[in-house]
Structures are given as C-alpha cells and as structure tokens.
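> Sharing a model that was predicted from the sequence below.
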Amino acid sequence: MKQLTYIAIALAAAATLAGSCAKSVSTGKNDTNVMYYNAWIKAHYPDATKTRLGASIIEDTPGTGELVGDIEKSPYVYATYTVKDLEGNISSTTSRVLSQMLGSYDPVNYYGDHVVSRSDSNAGLNDMLSTMRVGGTRTAVIPGWLMTQAEYDSEEEYLENVTGTEAIYTVSVADRFDDVIQWELDSLESYMSHNYPGVDTVSKGFYYVQLKAPVSDVEFENEARVYINYTGKLLNGQAFDTTIQDTAKVHGLYSASRSYSPTFVNWSTAPSKKITLGESSSDVIEGFSKTISMMKAGEVGLGIFHSVYGYSENGSGNTIPGYSPLIFQIQILGLNQDGSIDEE
C-alpha cells in the first residue's frame, strides 16, 4: 500500500499541474514523467543511487578490472545483458539460463557475451557503463528521456528534448576495448596458438588449416559445379550450420524438415566473380569463398577468419553475433556427390 501511495501522490500532483492555467504555470516536456519515475523509484528502490545523467542504480557488484570510462576511451564493451520493463517483463536477454526459464531458448541461437557498440547504444546505458569496471555487474533503471542515442551534456537537456519509456538494464562487463578489429585479431591469434600452433596467417585476419590433403591436383574449371560438405562454427565451438546430419544432431541443430546432404558451389576462377552456393546461386561470405578457392578435390580444411570476411558488425540473425570470428570446416567432394573428381 505504501508503494501505491507514493505513485498515487505523484500522479495526483501531475494531474493538478496539467490542469492549471497555462499562463500561470510553465510545464516541461517531462514534468509528469519525472514525478512518476521518482515516485516509482522511491516506492521500489529507495536506496538507489543516481548516475550523472539521472539513471538509478539499484544493484551493483563492482568489478576489479579496467574502468570502462566514456565512449572515447571504450567505444566497445563485451557484455551480457538483460532488458526488462518496470513490471519485470523481459524484452531482451543474452542469458542462456533466463531464456530457458522463459521458454524461449533455442539451441541454434548464441547466448553469452556480445560486442556492444556504444555509439549505437542509448544514453542511459552508456551512462551506467561509464563508471563500471570489467568484471562488474550492474542493474539500473533508465528513465525514458535517456532512451535515445542523441548526445547532450546534462540531464536537463535530455529532459527538455527527449521522451520515451523506462527500462531496467542488467549488464555484466567481460571486457572493454577501443579497437574492435584488433580485439578480433587478438582473439584469433589466441585461438590459433592454443589449437593450431605454428599455423600462420594467409592474409590479415584469415587462417587456413589443412586437415586432409587433396586426392588430386586437378584444377576445377570456371563455373564447374563442385560438391562440398561444410560445418560453420563460432570460436567457442558452437555450430550454427552444417550439411552433415550427424553433426547437426550432435550440436542440437537437427531439423527433420531439412535434407542433410552435400551441397554444391558454382566454382569461379575469375578474380572478379564470387563463388556462389546452390541452385539459388546465393553469394557466400568472403571467408567461405576464400577458403574454398584454396582447396582441391578430396581436401578437408578449416577457414578461420575475422568478421571482416564474415558478417561484420551486423552478425546473422540470433545465431552469429556482430563482430564474430568464424570457423568453416569444408570438405571438397568433387564434381559428383559421391566424391568422384570426373563427371563420367
């Protein structure tokens, strides 16, 4: 009852303010919203502390790593996050456990830390992040006037220019960095030194590991239809696509509606033309094409590359986060699905 009383008083005050003579009372864009927000915080989290721009920190487990700081210092953070409304309804989460509890878990999807570009984040999130340290977890209520990518210097300017809907963010910061491509390159170098020591880059951000030598040195002709099997994975080993049924079952990708069998690529020897996949002749990502172009019949190899050769900052759906290095294991079967090199 006490909580409801706080909010009722705020709403009553707001109604009185709204009904007053416009000539005698000057009202701001967010007067009513501020009253409701402050009453809600007082009712639910009276001990909350305010950030510089006015978000309310309601839970905080400090980290011991580097200070995240402002956007100039840390344009990117690597973090898990959950977003809720004031009633506790979750609208977005990267947590596997929460997704399982909500019944929205999908084994195909990626859960865990994501690269968060702070230039694409709202002002309230950036405000709460700026005083966090790596390894910390914080929950903050972000008022509607901070739910914008617009940049102002003070809370007053946000109140004057922005309206929106409040949200509760819980963020755990695993890392912060100023150069996301270099961060990817460092991640790849660490992965390679641990799993394939001695293998050098073919080009910046691209590695090739031969797992099985080819059975022939015959070069495929331009526009030949070459059959392959492949499996795509993230650096953590999670598979997101495969043509092999057993692999799909092992990684929780299996779908009875899909036919698992070798697919084909439309080979290209022309530098200006991409290798394409299947009957639809859809373009493959550059890293996939680059891997295949290095291979011959019977060969099995790994193409391991950063997101510049993959899906860049956008990722692909819920399975591949933005700025994700990828691994493709590819087997070149030949001109027929049975692995034969010649068409006869």
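That came in fine, so what should we check first?
> Considering helices and strands only, name the one in this structure with the lowest mean pLDDT.
The weakest-scoring helix or strand in the chain, judged by mean pLDDT, DSSP states H and E, is helix 2-19 (a mean of 42).
> what about Ser190, how many neighbours?
Neighbours of Ser190 under the rule other CB atoms under 10 Å: 11. Where you see a C-beta, it was placed from the backbone N, CA and C, and this is true even at glycine.
> distance of it from Leu235?
Taking CB to CB, to the nearest Å as the measure, Ser190 falls 9 Å from Leu235.
> overlap in contacts of these two?
The overlap between the contact sets of Ser190 and Leu235 (CB atoms under 8 Å, 6 or more residues apart in numbering) is empty.
> in the protein, what spans have low per-residue confidence?
Within the chain, the set of residues satisfying pLDDT under 70 comprises 1-27, 272-273, 339-344.
> Helices of the chain, start to end?
Assigned by DSSP state H, the chain shows helices spanning 2-19, 31-44, 96-102, 123-130, 155-161, 180-195, 245-250, 286-293.
> of all the ones you listed, which gets the most neighbours per residue?
Greatest average neighbour count among those goes to helix 123-130 (a mean of 24), per mean count of other CB atoms under 10 Å.
> List the contacts of it.
51-55, 57, 68-71, 74, 77, 118, 121, 138, 140, 142-143, 146-152, 158, 167, 169, 171, 173.
> same question, stretch 222-233
If you take CB under 8 Å, 6+ apart as the criterion, stretch 222-233 is touched by 220, 239-244, 247, 262-270, 288, 292, 326-337, 339.
> Filter those down to the buried ones, ChimeraX style.
One line in ChimeraX is enough to select the buried ones among the contacts of stretch 222-233; burial here means 16 or more other CB atoms under 10 Å:
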select :220,239,240,241,242,243,244,247,262,263,264,265,266,267,268,288,292,326,327,328,329,330,331,332,333,334,335,336,339
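> The contacts of stretch 222-233 in strands, which ones?
Among the contacts of stretch 222-233, DSSP state E puts 239-242, 263-266, 326-334 in strands.
> ok, now how distant is the residue lying closest to Val308 once chain neighbours are set aside from His306?
Ranked by CB to CB, 6 or more residues apart in numbering and with sequence neighbours excluded, the top spatial neighbour of Val308 is Gly205, at 5.8 Å. Separation of Gly205 from His306 (CB to CB) stands at 4 Å.
> shared neighbours of those two, anything?
By CB under 8 Å, 6+ apart, Gly205 and His306 have these common neighbours: Ile181, Glu184, Leu185, Leu188.
> which one among the residues you listed gets closest to Thr82?
Distance to Thr82, by CB to CB, is smallest for Glu184 among the shared contacts of Gly205 and His306, at 25.0 Å.
> tell me the contacts of the closest one?
Glu184 touches Gly205, His306, Ser307, Tyr323, Pro325, counting by CB under 8 Å, 6+ apart.
> can you name the two of those that are farthest apart?
Pairwise over those, using CB to CB, the maximum falls at Gly205 and Tyr323, 11.8 Å.
> Compare the two and say which is more crowded by neighbours.
More crowded of Gly205 and Tyr323, by other CB under 10 Å: Tyr323, with 25 against 20.
> residue contacts, that one?
If you count contacts by CB under 8 Å, 6+ apart, Tyr323 has them with Val115, Val180, Trp183, Glu184, Ser307, Ser312, Glu313, Gly315.
> Any chance of the residues you listed in CSV with distance to Lys29 as columns?
Output for the contacts of Tyr323, formatted as CSV (distance: CB to CB, whole Å):
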residue, distance to Lys29
Val115, 34
Val180, 36
Trp183, 39
Glu184, 42
Ser307, 40
Ser312, 37
Glu313, 33
Gly315, 36
